[in-house]
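J.: pasting the structure only:
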């Protein structure tokens, strides 16, 4: 299962971003954003251990932080790359049988052109402590999401990614702070997962940011399937 999940995560970003070979890695570049979480490398399939020097150079040439996201069992050597530090080690959860959860919120599907796009992006970014989206970001958004509405206000959202080889990833699950602990995150997770399955997925994966979130996802039918590791080259070393 580890290799299947890693292959999906690799193929999904390859379908949406520019791929730059970088030693044992491929660096995937977002077409419009330079955020580190949207521009990162993934180890190539069956890659041999690599010191990350080619990746560091490729990232520096593009003004980016050299950063790797990997399914840990597929490339355990990533944690020991010289000059890189561990940013996070996270559970990776999966489901093949999503559970339907309900809440007080109305859950609606959001596509490009929906009147809820701006509210969705504002709610998701606020939930993650990010600055509000620009008008340009709102205008060019073309995602797959569900939004939670309470009295007509978008209070949270969740997204699912392109379905490939029967898999999708549910991500961006966020709820405004004053609406948390009311079952809305679980309902969003459940709805986004079902939408991915409606598009042909037979397995969905997600990466919880903390233990409390994992308990919410368990109620939506998810269970631990693997581990993710994120490493990066510290900013102080970028010029080395």
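T.: Looks like it came in fine. What you see is a predicted model, and the numbers here were worked out from it, not measured in a lab. Numbering: from 1, shown residues only.
J.: CA atoms for contacts and neighbours, from now on please.
T.: Will do.
J.: how about the residue nearest the centre of the chain: what's its closest non-neighbour residue?
T.: Central residue of the chain (Cα atoms, centre = their mean): residue 171, 4.8 Å from the mean position. Nearest residue to residue 171 in three dimensions, chain neighbours excluded: residue 159, at 5.3 Å (Cα to Cα, 6 or more residues apart in numbering).
J.: give me the residues contacting the helix or strand of the chain with the lowest mean pLDDT.
T.: Sorting the helices and strands of the chain by mean pLDDT, DSSP states H and E puts helix 211-219 at the bottom, at a mean of 89. The contact list for helix 211-219 (Cα atoms under 8 Å, 6 or more residues apart in numbering) reads 99, 101, 185-186, 189, 208, 223.
J.: the strands in this structure, which residues?
T.: Remark: strands assigned in the chain by DSSP state E are 18-22, 25-29, 40-43, 67-71, 85-95, 106-110, 145-150, 153-160, 167-175, 203-206, 223-232.
J.: save those strands as TSV, and put in mean pLDDT and distance to residue 8 too.
T.: Shown next, in TSV, are those (pLDDT from 0 to 100; distance: least, Cα to Cα, whole Å):
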stretch	mean pLDDT	distance to residue 8
strand 18-22	97	15
strand 25-29	98	14
strand 40-43	98	11
strand 67-71	98	11
strand 85-95	96	13
strand 106-110	97	24
strand 145-150	98	19
strand 153-160	97	13
strand 167-175	96	7
strand 203-206	97	10
strand 223-232	96	14
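J.: circling back to that earlier point, for the least confident helix or strand of the chain, buried residues please.
T.: Buried residues in helix 211-219, counted by 16 or more other Cα atoms under 10 Å: 214, 216-219.
J.: and if you look at stretch 165-176?
T.: So, applying 16+ other Cα under 10 Å, buried residues of stretch 165-176: 167-176.
J.: what does stretch 104-123 give?
T.: Neighbour-count burial for stretch 104-123 [16+ other Cα under 10 Å]: 105-110, 116-123.
J.: check the offset of it from the chain's centre.
T.: Here stretch 104-123 shows a centroid-to-chain-centroid distance of 18 Å under the convention Cα atoms, centre = their mean, to the nearest Å.
J.: ok, now stretch 182-190?
T.: 17 Å.
J.: other residues contacting it?
T.: Here stretch 182-190 makes contact (Cα under 8 Å, 6+ apart) with 98-105, 107, 146-148, 156-158, 170, 173-175, 216-217, 219-220.
J.: picking up where we left off before, between the contacts of helix 211-219, which is nearest residue 10?
T.: Using Cα to Cα, residue 208 is the member of the contacts of helix 211-219 that sits closest to residue 10, with 18.9 Å.
J.: picking that back up, could you export the contacts of helix 211-219 as TSV, including distance to residue 45?
T.: Putting these into TSV (distance: Cα to Cα, whole Å) gives the following:
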residue	distance to residue 45
99	32
101	36
185	34
186	33
189	29
208	24
223	25
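J.: closest one of these to residue 142?
T.: residue 189 (19.4 Å).
J.: neighbours of that closest one, how many?
T.: 31 (other Cα atoms under 10 Å).
J.: for residue 97, which non-adjacent residue is spatially closest?
T.: Nearest non-adjacent residue to residue 97, counting by Cα to Cα, 6+ apart: residue 221, 6.3 Å away.
J.: Provide a list of residues in contact with the closest residue in space to residue 207 that isn't next to it in sequence.
T.: Nearest residue to residue 207, sequence neighbours excluded (Cα to Cα, 6+ apart): residue 92, at 4.8 Å. Contact analysis of residue 92 by Cα under 8 Å, 6+ apart lists 205-208, 224-228.
J.: alright, calling it a day.
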